[in-house]
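**Student:** From the sequence below, what's the structure:
(2 chains, ligands or ions: 3)
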Amino acid sequence: MGRFHRHDDDTGHGHGHGHGHEHEHDGGHSHEPEADLHGDHSGYATGADRIVVLERIFDENDRRAAENRERLDRAGVLTLNLMSSPGAGKTTVLERTLAAVPDPGRIGIIEGDIETSIDADRLSAVGARVSLLNTANGFGGECHLDAPMVANALDRLDLEGLDLLFVENVGNLVCPAEFDVGAHRSVMVYAITEGEEKPLKYPVMFRAVDAVIVNKMDLLPHLDFDLELFEKNLQTVNPGVETIQVSARTGTGMDAWLAWLRRAER
Amino acid sequence: MHELSLCNSIQQVVNRAAGDRTVTVVHLRLGRLRQVVPDTLRYCWDLVTADSPLAGSELAIESVAVSARCNACAAGTTIADTLVLLCCECGSPDLELLTGEEFLITTLDLADSGADLG
Ligand SMILES: Nc1nc2c(ncn2[C@@H]2O[C@H](COP(=O)(O)OP(=O)(O)O)[C@@H](O)[C@H]2O)c(=O)[nH]1
Ligand SMILES: [Mg+2]
Ligand SMILES: [Zn+2]
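**Tutor:** Ligands and ions are numbered 1, 2, ... in the order given. The predicted model follows:
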């Protein structure tokens, strides 16, 4: 899952070396008081007028995300984090998906995209179990969902009654890539009206996803969108990532998306 | 963007580490791949810490360039100005990240206690 399996900087753990993925510094930090850092498992070492902290800012979120994932694993619910720009078609793809499965009541949706508060109604209308997130609670939380917010939403869902859960993230190509919410897979919905260059402009997000749904394909005849160039740009930042061309409006390509989902469920 | 909520997290860690001591400077190490804008982060820090014991404290941000090892040509390579990760020797995207994802609080500078009755 690319981005979300990060291991920031673990200078603080003297025993950590020897793993294949261990990070090294680029030599620019020699002014840091490295001597104090080893063997201190409290996390804090006190000096005269300086405290060594070495604490990763995402630790708390990542810990909560891992808890969410464990909880979902125990309940046997495959969870997908759905991300996109505003209006790329996440809700429409979800509506189509629910309409195509025999038992939409076994699909849960955590609706966190505040751009369109009517999304939750659209999705419960087609039979999903929807948990609406109150993003106004989180200070600065309006640009992404974080793991504690998703934990709250999970509390309001009957997980035992679900097989599949979608988290409709906030429409934004930067912030959601930074916050693991505890999903098993990340999927992006990309509309061809967004042009070919976005993967190069937002590479961190495009690198973080397991599949890209290329949506609004019905508009292709009306646009000068260069599908090959888009695919090339995407593969540059995320080699081997799967793309699924659909029109959520007409339903074209939804079979391929459902097939991807079935593979993910195994 | 998400700088506000990040400042909240930073504040929690700093308060926990500093206890009742007065912090003047919070030193951060920030990889470029984090897409955090340092100026925005400093601005949000002033907002978040206003009217708190951390009011007036400064964020000192050490920006860490992106560097990676290429699996295709084994070049040690640094990609400084772009987030698109390609080997600058051979152009391969098959890289192992070495730096650029850091985001941690390293140290806190404290105000002179002044109460050091010797
Ligand atoms: N032409 C076309 N419009 C679409 C398609 N999918 C979604 N839309 C429209 O795009 C707009 C935003 O869709 P929505 O699903 O709400 O996007 P979200 O913000 O990502 O959830 C709506 O007006 C949809 O009807 C599509 O495949 N083709
Ligand atoms: Mg929506
Ligand atoms: Zn190379």
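**Student:** What's the first helix or strand after whichever strand or helix holds B:Leu30?
**Tutor:** Using DSSP states H and E, B:Leu30 sits in strand B:23-31. Note on strand B:23-31: by DSSP H and E, the next helix or strand toward the C-terminus is helix B:38-49.
**Student:** In that next one, which residues are buried?
**Tutor:** By neighbour count with 16 or more other C-beta atoms under 10 Å in any protein chain shown, helix B:38-49 contains the buried residues B:Leu41, B:Cys44, B:Trp45, B:Val48, B:Thr49. From N, CA and C alone the C-beta is placed, and that goes for glycine too.
**Student:** Give the next helix or strand downstream of that helix.
**Tutor:** Where DSSP H and E defines the elements, the next helix or strand beyond helix B:38-49 is strand B:58-64.
**Student:** Show me how far the helix or strand that that next one is followed by is from its chain's centre.
**Tutor:** Next helix or strand after strand B:58-64 toward the C-terminus (DSSP H and E): strand B:66-70. Here strand B:66-70 is found 19 Å from its chain centre; the criterion is C-alpha atoms, centre = their mean, to the nearest Å.
**Student:** Please apply the same query to stretch A:230-249.
**Tutor:** Distance of stretch A:230-249 from its chain centroid, counting by C-alpha atoms, centre = their mean, is 16 Å.
**Student:** Could you export that stretch as PDB, keeping only the C-alpha atoms?
**Tutor:** What follows is stretch A:230-249, C-alpha atoms only, in PDB (Å, rounded to 0.1, in the frame of the first residue of the first chain):
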ATOM      1  CA  PHE A 230      -2.200   9.900 -18.900                       C
ATOM      2  CA  GLU A 231      -1.400   6.200 -18.600                       C
ATOM      3  CA  LYS A 232       2.300   7.000 -19.200                       C
ATOM      4  CA  ASN A 233       2.300   9.700 -16.600                       C
ATOM      5  CA  LEU A 234       0.500   7.400 -14.100                       C
ATOM      6  CA  GLN A 235       2.900   4.500 -14.700                       C
ATOM      7  CA  THR A 236       5.800   6.900 -14.200                       C
ATOM      8  CA  VAL A 237       4.800   7.600 -10.600                       C
ATOM      9  CA  ASN A 238       3.200   4.300  -9.800                       C
ATOM     10  CA  PRO A 239       4.700   1.500 -12.000                       C
ATOM     11  CA  GLY A 240       2.300  -1.400 -12.500                       C
ATOM     12  CA  VAL A 241      -0.700   0.200 -11.000                       C
ATOM     13  CA  GLU A 242      -4.000  -1.100 -12.400                       C
ATOM     14  CA  THR A 243      -6.300   1.200 -14.300                       C
ATOM     15  CA  ILE A 244     -10.000   0.500 -14.900                       C
ATOM     16  CA  GLN A 245     -11.800   2.600 -17.500                       C
ATOM     17  CA  VAL A 246     -15.400   3.300 -16.600                       C
ATOM     18  CA  SER A 247     -18.300   5.600 -17.200                       C
ATOM     19  CA  ALA A 248     -20.200   5.700 -13.900                       C
ATOM     20  CA  ARG A 249     -22.900   7.600 -15.900                       C
END
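**Student:** follow-up on the earlier one: quick one: which of the buried residues of helix B:38-49 is nearest ligand 1?
**Tutor:** Nearest to ligand 1 among those is B:Cys44, at 26.3 Å by C-beta to the nearest ligand atom.
**Student:** which ones among the buried residues of helix B:38-49 come in contact with chain A?
**Tutor:** For chain A, the contacts drawn from the buried residues of helix B:38-49 by C-beta under 8 Å from any C-beta of the partner chain are B:Cys44.
**Student:** dump the residue contacts of B:Thr78.
**Tutor:** Counting by C-beta atoms under 8 Å, 6 or more residues apart in numbering or on different chains, B:Thr78 touches A:Asp26, B:Ala65, B:Val66, B:Ser67, B:Ala68, B:Cys88.
**Student:** swap in B:Leu47?
**Tutor:** B:Leu4, B:Cys7.
**Student:** Could you report the separation of it from ligand 3?
**Tutor:** Using C-beta to the ion, to the nearest Å, one obtains 43 Å as the distance from B:Leu47 to ligand 3.
**Student:** Check A:Ser247 too.
**Tutor:** A:Ser247 is 39 Å from ligand 3, by C-beta to the ion.
**Student:** and the closest residue to that residue other than its chain neighbours, backbone torsions?
**Tutor:** Spatial nearest neighbour of A:Ser247, chain neighbours left out: A:Asp218 (4.0 Å); criterion: C-beta to C-beta, 6 or more residues apart in numbering or on different chains. Here is the backbone geometry of A:Asp218 (degrees, to the nearest 10): phi -60, psi -20.
**Student:** A:Asp218 contacts A:Gly251, correct?
**Tutor:** No - with contact defined as C-beta atoms under 8 Å, A:Asp218 does not count as touching A:Gly251 (9.6 Å).
**Student:** the more surrounded of those two?
**Tutor:** A:Asp218 (16 against 13; other C-beta atoms under 10 Å in any protein chain shown).
**Student:** Name all residues that make contact with that one.
**Tutor:** For A:Asp218, the contact set (C-beta under 8 Å, 6+ apart) comprises A:Ser247, A:Arg249, A:Thr250, A:Thr252.
**Student:** Pairing partners for the lowest-mean-pLDDT helix or strand in chain B, with directions?
**Tutor:** Across the helices and strands of chain B, mean pLDDT, DSSP states H and E gives its lowest value to strand B:76-79, namely a mean of 75. Counting by DSSP bridges, the strands paired with strand B:76-79 are strand B:66-70 (antiparallel).
**Student:** beta partners for B:Glu62?
**Tutor:** Counting by DSSP bridges, B:Glu62 forms beta bridges with B:Arg29.
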